[in-house]
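**Q** with the sequence up front, the predicted model follows.
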Protein chains: 2
Amino acid sequence: MHEFDLIKEYFTWGNSPTDVIKGVGDDAAILEILPHQQLVTSIDTFISGVHFPENTPSEAIGHKALAVNLSDLAAMGATPRWFTLALTLPDINPEWLTGFSLGLKTLAQEYNCFLVGGDTTRGSLSVTIQVMGVVDKGKALMRSGAKVGDSLYLTGTLGDAAIGLKTIQTDFSMQKEHRDHCQQHLNKPIPRLKESTIIRQFASSCIDISDGFLQDLGHILKASNVGAQITLANLPLSTALKTLPRKIAINAMLSGGDDYELLFTVPQKNKELFEKYIKKGGDGYYKEYYKEIGVITHQAGSIIDGTGKKLSLTGFKHF
Amino acid sequence: MHEFDLIKEYFTWGNSPTDVIKGVGDDAAILEILPHQQLVTSIDTFISGVHFPENTPSEAIGHKALAVNLSDLAAMGATPRWFTLALTLPDINPEWLTGFSLGLKTLAQEYNCFLVGGDTTRGSLSVTIQVMGVVDKGKALMRSGAKVGDSLYLTGTLGDAAIGLKTIQTDFSMQKEHRDHCQQHLNKPIPRLKESTIIRQFASSCIDISDGFLQDLGHILKASNVGAQITLANLPLSTALKTLPRKIAINAMLSGGDDYELLFTVPQKNKELFEKYIKKGGDGYYKEYYKEIGVITHQAGSIIDGTGKKLSLTGFKHF
């Protein structure tokens, strides 16, 4: 199958939005950015056997490859507009492509992110997506904006994806419903874009949890030159993780990757309004997770718990 | 080596331009587009053994991976501004990375294209670059703009890269100086960005020759719904290709890929001014190649030579 036919058959999904002056089919795409906006862009590669188990359904691969990129935009407070896809395939497998295309398309349409270009090559399976979005000038949420006294929040539970991976890669056993929940978190993460449209009105900094809570919190602390004190009891734990021995659950929660929840700081001056908003159920998004999980401190790079004990990845192996 | 250290050591090249609000180091890059401009973007993947012979020097890989993307911008009449890099490596080889980084950096700096983000992963060698540039609103050169009567031009000679590949992959022999010239064309193509700044003032359509002259001309003809008559005698042939049997040279010229010259159409009303400009040596760029190589005709999709004989890839096997 020729590249053009492949794109036509699997990656052509209806009319392009008006800000796509030229999409697929020329040497490059031409895109319109409004004068009051800035372009926000991120690129991520997904490799079979590295970023997902080799037996992952192709629909999940299509979903997740775009989801992790959309999650980066959510972490910046940006609105997705377009993406490009560089797809490397060992062979043309219509069944695989149909699933992959469905996963990608469903998510792209849900968040109005339009495919504007791509490249297909033959080789071992690898998916690279570059996502592009817009943000009002000067309004992007950066890692560097956290200030001493700001409160820390999360958009959801942590550790579920890491436990999901454990159930696939080892003989780690859980009740079926909990295992399904965790594997769903791993394979079909939800980019927190809806939440991001609220968070960006209140927050001073934001990051998505891709490498694990402590490591990604560390990125905010480093970029902002501050520390954090975490209230462990307020870290949201899913029903599935509550069924596990606490040591395993806490470990997954603090150091497991692939959750794609947003971790963000809210200045004291915005806190009351923000909490009021989310307690009301802020469009229903994270009603359950309105608890402040910590506070930003002076001690650059230091992460402590409520008792003042240092929290670290290695520390948590003995938790 | 951690991803951050790798980026710091090999891919940090001085201060970012003022239109990079945030480059490497957050969840996404934030970039500034001026109100009178549109974003132009293209993505391309390069795989070892598919897009370049496995023994290609890493400096050439770095150069070429960016060059082919820059060539797409040149074909749109766009000015490069930024790029992202998704790099998959089998291992961390400092010697390889130093060469790759040098090839990439040298070309990026020559054309003021700044690295604003990336992703590094472990796997079989693959390089994906997304390049972003800007063009004044409505001024991009598309494949679809050719009109009957327009004249066709090229920015340089064709077939050199294909012969270069032949000298690497087979025992095809040439004089050393000519072989070096052809391999240089293959490994270090020059994106025709300088030429593009002139062409975009006169041309009605443009494409870069990546898949071969006849195939890429076919893309213009299809998008513009027109045909072309080619004056074979005016197709520019390099000194190296002139030393080959005419059949081999013509075949490489018409169907060889990887040349990255621009093929473009100029309306009759602009022709006099355009030819005057390039005959003067138009900033010295393509003094030698000012010859009109053909003209756009009514017969949609048809490519004929000066005698009216149909030109096709298979046809040329018997030339």
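**A** Nice, thanks for sending it over. Small disclaimer: the values here were computed from a predicted structure and weren't measured.

**Q** which parts of the stretch 51-200 of chain A sit against chain B?
**A** Counting by Cβ under 8 Å from any Cβ of the partner chain, the stretch 51-200 of chain A comes close to chain B at A:51, A:71-73, A:75-76, A:78, A:84-86, A:88, A:116-119, A:121-124, A:126, A:128, A:130-133, A:135, A:137, A:140, A:142-144. In this view, the C-beta of every residue, glycine as well, is placed from N, C-alpha and C.

**Q** pLDDT value on the spatially closest residue to residue A:12 that is not a sequence neighbour, please?
**A** In this structure, residue A:12 finds its nearest non-sequential neighbour in residue A:24, 7.4 Å apart by Cβ to Cβ, 6 or more residues apart in numbering or on different chains. Listed pLDDT for residue A:24 reads 88.

**Q** just residue A:286 next, same as before
**A** The model's pLDDT for residue A:286 equals 55.

**Q** how about the one 4 residues further on?
**A** At residue A:290, the pLDDT value in this model is 65.

**Q** mind jotting down where the helices sit in the stretch 51-200 of chain A?
**A** For the stretch 51-200 of chain A, the helices defined by DSSP state H, counting those that start in this stretch occupy A:58-76, A:94-110, A:160-169, A:176-187, A:193-202.

**Q** where in the stretch 201-319 of chain A is pLDDT low?
**A** Residues of the stretch 201-319 of chain A that meet the criterion pLDDT under 70 lie in A:280-290, A:313-319.

**Q** quick one: the closest residue to residue A:292 other than its chain neighbours and chain B, what's the gap?
**A** With sequence-adjacent residues excluded and distances taken as Cβ to Cβ, 6+ apart, residue A:292 is closest to residue A:151, at 4.6 Å. According to Cβ to the nearest Cβ, to the nearest Å, residue A:151 stands 20 Å off from chain B.

**Q** and for residue A:151, the neighbour number?
**A** Residue A:151: 21 surrounding residues under other Cβ atoms under 10 Å in any protein chain shown.

**Q** which residues touch residue A:237?
**A** Residue A:237 is in contact with A:157, A:159, A:249, A:253, counting by Cβ atoms under 8 Å, 6 or more residues apart in numbering or on different chains.

**Q** 10 Å instead, please
**A** Residues near residue A:237 by Cβ atoms under 10 Å, 6 or more residues apart in numbering or on different chains: A:157, A:158, A:159, A:160, A:244, A:246, A:249, A:250, A:252, A:253.

**Q** show me the domain layout of chain A.
**A** Here the domain parsing of chain A from automatic domain parsing is A:3-136, A:143-317.

**Q** most packed of those domains?
**A** domain A:3-136 (a mean of 21; mean count of other Cβ atoms under 10 Å in any protein chain shown).

**Q** so which residues of the stretch 201-319 of chain A form strands?
**A** In the stretch 201-319 of chain A, the segments counted as strands under DSSP state E, counting those that start in this stretch are A:205-208, A:227-230, A:262-266, A:294-297, A:303-305.

**Q** between helix A:58-76 and the longest one, find me the angle.
**A** It refers to strand A:262-266. If you take axes from the mean of the first three to the mean of the last three Cα atoms, to 10 degrees, strand A:262-266 sits at 10 degrees to helix A:58-76.
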